[in-house]
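Trainee: Fold the following.
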Amino acid sequence: MELTWVAMAASLMMGAGAACLFIFAVKKNWFHNLEDAKYQVFWSDVEHLVDSSKESGKHDNHTDQDAENRSR
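Mentor: I've put the predicted structure just below:
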């Protein structure tokens, strides 16, 4: 029975700690503009794809033209 009270006290303390951390984070403005991180990741991926397509496009221009000529 004593272990049950210890477990309940520990869970209440962890809950109170989480609530305090949440309040602290809100007051420190840690949740400001959460969407920005998502867009930073998205645009960095898009930039990587665009850069790689530009690089491959520079080297493959002759190959693309040759393939078009062969298909005619």
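
Trainee: what about residue 24, neighbour count?
Mentor: Per other CB atoms under 10 Å, the neighbour tally for residue 24 reads 10. Just so you know, the C-beta spots here come from the backbone N, C-alpha and C atoms, and that holds for glycine as well.

Trainee: likewise residue 51?
Mentor: Neighbours of residue 51 using other CB under 10 Å come to 10.

Trainee: And residue 19, by the same measure?
Mentor: 10.

Trainee: same check, this time on residue 30
Mentor: 11.

Trainee: pLDDT weak spots in this protein?
Mentor: Across the chain, the ranges flagged by pLDDT under 70 are 55, 57-72.

Trainee: switch to 50 and redo it
Mentor: Under the criterion pLDDT under 50, no range of the chain is flagged.

Trainee: domains for it, by residue range?
Mentor: 1-32, 33-72 (automatic domain parsing).

Trainee: now the helices for this protein?
Mentor: 2-27, 35-71 (DSSP state H).

Trainee: With just CA atoms, put stretch 30-37 into CSV.
Mentor: The C-alpha trace of stretch 30-37 is given here as CSV (Å, rounded to 0.1, in the frame of the first residue of the first chain):
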residue,chain,number,x,y,z
TRP,A,30,9.1,29.4,-26.9
PHE,A,31,5.8,28.6,-28.7
HIS,A,32,5.9,31.7,-30.9
ASN,A,33,5.7,30.9,-34.6
LEU,A,34,5.8,27.2,-34.5
GLU,A,35,5.0,26.9,-38.2
ASP,A,36,8.3,28.6,-39.1
ALA,A,37,10.4,25.4,-38.4
